[in-house]
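# take a look and give me a structure for this.
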Amino acid sequence: MRVLLFSVNLTVLGAMNEFMPPASVVVLEERGVLDARDRLLAHRTGMSSRLTGHDGDHRCVEKIVFGNYVQSEEFLDVVLAEHAKRPFTAVIPGGEYTVAAAAFVAERLGLPGAGAAVAPLFGDKIALREAIDRAGLPAPRWAEVDGAEDVARFVAGAAGGSVLKPADRAGSQGIQLLDQDSDLEQAWAHAVVGDESDPSVPARPLRRRFLIEQRMRGPEYTVGLLVRDGDVVFHHIGETLLFPGPHPLERGHTFPAPISAEVQAELLSVMRRLVAGIGLHTAILIADCIVTAAGPMVVDCAARPPGASFMFLVGLAYRVNITKALVSMLSGEPVSMPSRPTGAAALRFCSGLPGVVTEISGVAEARRVPGVVGVGIETRVGDVMVPLTSSTARKAYVIAVGENPASAGSAAERGAAMVRIHTRPSANLVP
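As a prediction, the model looks like this:
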């Protein structure tokens with residue numbers, strides 16, 4: 001077995017270490033992206049993300065090779081040369097910006113994948129909205145926009161609020177909830193800039209598109225699928241909680257979601273119709289859905305391993321290694337998945353006020369909360385906490401387990417309430 005992983009995804013590699021043979025994974029990354037990630041990781045932990053110096057931590061890694069894959073096919077010659085040396089048995093998309101490239105390579109090599117014609121939908125929210133419309137799924141009114149004047153025209157006719165989104169960014173970057181009183185010039189400027197601290201975005205010029213849509217109201221859920229040859233072979237549904245404010249950033253998740261069988265059936269029906277409507281082949285799928293008065297609607301959808309510790313949470317709730325199942329499926333091997341969870345797991349993010357971090361407290365106390373199995377801190381004294389406008393601004397989290405969603409969620413909430421990131425105001429902080 002020899003696997004090609006697009007992008008350095010340390011979570012996926014950590015899971016691969018549990019079942020992949022030594023030196024069986026080739027990682028393809030953009031050199032500039034790896035440099036940016038390496039600087040960030042070194043600042044936070046004093047470690048490197050270059051893998052080659054950490055065989056003990058990443059024993060499954062054979063090597064890392066370089067090639068641009070974001071809005072580029074420069075990677076192809078590198079991949080084909082590696083495949084000629086020793087064939088790959090699976091191609092895994094490791095991040096949001098790798099999905100189209102990974103599907104293209106998988107199809108070129110005759111391996112299972114999302115499909116070269118389908119995968120680009122998951123890196124372009126406008127193309128995804130068009131596909132949802134073609135599939136006849138319920139969807140909000142939406143439009144592509146190219147400036148603050150376009151945004152203003154849409155907002156003026158959108159009772160109940162609007163949502164402005166970059167079409168091709170990840171991690172909630174640039175996404176904003178708007179109403180009639182919003183400063184639309186400022187909103188447009190923020191959407192265009194996004195989060196410049198995201199190391200996964202190449203520094204070179206990229207094409208950008210934007211859309212705006214009617215805001216949907218109702219509880220939000222995350223629906224995850226493993227799809228094989230167009231058939232759903234595994235699913236999970238989690239409850240999603242959001243931070244308050246104009247940026248719809250996820251505050252926490254609970255698996256499984258505490259919902260009725262009827263709502264679960266409605267969510268799965270919408271996702272199966274989406275899979276069939278777009279012609280998805282073989283992939284992992286993660287979708288954000290809002291259950292409105294008119295039924296479930298898909299807010300966003302990705303065809304790569306999810307972030308925010310989703311894989312770990314689902315693994316805790318279902319007692320399964322999702323990464324192992326994904327690699328097996330994309331290798332054309334059989335997979336056996338559980339039909340129901342054996343327990344529950346929850347994650348809650350912690351935050352601090354914008355400013356310079358002066359102290360981090362309560363971590364030991366959070367770890368002693370019954371049910372808490374993990375506390376993650378991704379900042380340190382002297383760092384700057386920025387406003388909660390994208391996922392990169394979340395710097396701490398607590399993971400807990402329980403016999404049911406209520407007990408897992410309660411333990412995660414109690415643990416998160418104990419973690420404190422103390423800050424002092426900074427005159428240089430830009431919202």
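
# quick one: buried residues of whichever strand or helix holds V151?
Assignment of secondary structure by DSSP states H and E places V151 within helix 148-156. Residues of helix 148-156 classed as buried: 148, 150-152, 154-155 (neighbour count, 16 or more other Cβ atoms under 10 Å). C-betas here are computed from N, CA, C, even on glycine.

# any chance of those residues in a markdown table, with distance to P140 and pLDDT too?
Listed next are the buried residues of helix 148-156 as a markdown table, based on distance: Cβ to Cβ, whole Å; pLDDT from 0 to 100:
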| residue | distance to P140 | pLDDT |
| --- | --- | --- |
| A148 | 21 | 95 |
| D150 | 17 | 97 |
| V151 | 15 | 96 |
| A152 | 18 | 96 |
| F154 | 11 | 96 |
| V155 | 14 | 96 |
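
# what's in contact with the helix holding V151?
Contacts with helix 148-156, where a contact means Cβ atoms under 8 Å, 6 or more residues apart in numbering, come from 143, 145, 162, 164, 178-180, 182, 184-185, 187-188, 212.

# so which residues of the stretch 151-300 of the chain form helices?
Assignment of helices within the stretch 151-300 of the chain using DSSP state H, counting those that start in this stretch yields the ranges 184-193, 261-278.

# about what we covered before: which one (most neighbours) among the contacts of helix 148-156?
Looking at these with neighbours defined as other Cβ atoms under 10 Å, the largest count falls to S162 at 28 neighbours.

# surely it and L178 touch.
Yes - counting by Cβ atoms under 8 Å, L178 is a contact partner of S162 at 4.6 Å.

# overlap of the contact sets of these two?
Between them, S162 and L178 share the neighbouring residues 151, 155, 212, 215, with contact defined by Cβ under 8 Å, 6+ apart.

# A102: which of those is nearest?
Within the shared contacts of S162 and L178, distances to A102 taken as Cβ to Cβ reach their minimum at I212, with 29.3 Å.

# wait, what's in contact with the closest one?
The contact partners of I212, by Cβ under 8 Å, 6+ apart, come to 142-143, 145, 150-151, 154-155, 162-165, 178.

# just to revisit the earlier point, so can I have JSON lines of the helices of the stretch 151-300 of the chain showing mean pLDDT?
Formatted as JSON lines, the entries for those read as follows, by pLDDT from 0 to 100:
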{"stretch": "helix 184-193", "mean pLDDT": "91"}
{"stretch": "helix 261-278", "mean pLDDT": "96"}
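
# OK, contacts around the closest residue to V275 other than its chain neighbours?
Nearest-residue entry for V275: V227, 5.6 Å, with adjacent residues in sequence omitted and distances by Cβ to Cβ, 6 or more residues apart in numbering. Applying Cβ under 8 Å, 6+ apart, we find V227 in contact with 233, 275, 280-285.

# low-confidence regions, the stretch 151-300 of the chain specifically.
Using pLDDT under 70 as the threshold, the predicted model of the stretch 151-300 of the chain has low-confidence ranges 194-200, 202-204.

# repeat that for 90
Flagging of the stretch 151-300 of the chain using pLDDT under 90 yields the residue ranges 159-160, 168-174, 190-208, 245, 294.

# for it, which segments count as strands?
With DSSP state E, counting those that start in this stretch applied, the stretch 151-300 of the chain shows strands at 162-166, 176-178, 210-214, 220-228, 231-242, 250-255, 283-292, 295-302, listed in chain order.

# so what secondary structure elements neighbour the shortest one?
Yep, that's strand 176-178 we're talking about. In this structure, strand 176-178 makes packing contacts with strand 162-166, helix 184-193, judged by 3 or more Cβ pairs under 8 Å, 6 or more residues apart in numbering; DSSP states H and E.

# how distant is the last one from the center of its chain?
The chain centroid and the centroid of helix 184-193 are separated by 23 Å, computed with Cα atoms, centre = their mean, to the nearest Å.

# swap in the shortest one?
The gap between where strand 162-166 is centred and where its chain is centred comes out at 18 Å by Cα atoms, centre = their mean.

# got the contact list for it?
The contact list for strand 162-166 (Cβ under 8 Å, 6+ apart) reads 125, 145, 151, 154-155, 173-179, 187-188, 191-192, 194, 208-215, 248.

# circling back to that earlier point, nearest to E266 among the contacts of helix 148-156?
So of the contacts of helix 148-156, ranked by how close each gets to E266 (Cβ to Cβ), first place is S162, at 24.9 Å.

# hey, what's that closest one bridged with?
Beta-bridge pairing for S162 (DSSP bridges): L178, Q214.

# those strands in the stretch 1-150 of the chain, which residues are they?
When secondary structure is read from DSSP E, counting those that start in this stretch, the stretch 1-150 of the chain shows strands at 3-6, 25-29, 61-66, 90-93, 142-145.

# any idea which of those is most buried?
strand 90-93 (a mean of 28; mean count of other Cβ atoms under 10 Å).

# quick check: domain ranges of this protein?
As assigned by automatic domain parsing, the chain contains the domains 3-111, 141-214, 217-342, 345-431.

# of all those, which lies closest to P120?
Smallest distance to P120 across the domains of the chain (Cβ to Cβ): 4.6 Å, for domain 3-111.

# need the distance between the two termini of the closest one.
Start to finish, the residues bounding domain 3-111 are 11 Å apart (Cα to Cα, to the nearest Å).

# repeat that for stretch 164-180.
Start-to-end span of stretch 164-180 (Cα to Cα) is 13 Å.

# quick one: that stretch to chain centroid distance?
Relative to its chain's centre, stretch 164-180 lies at 15 Å (Cα atoms, centre = their mean).
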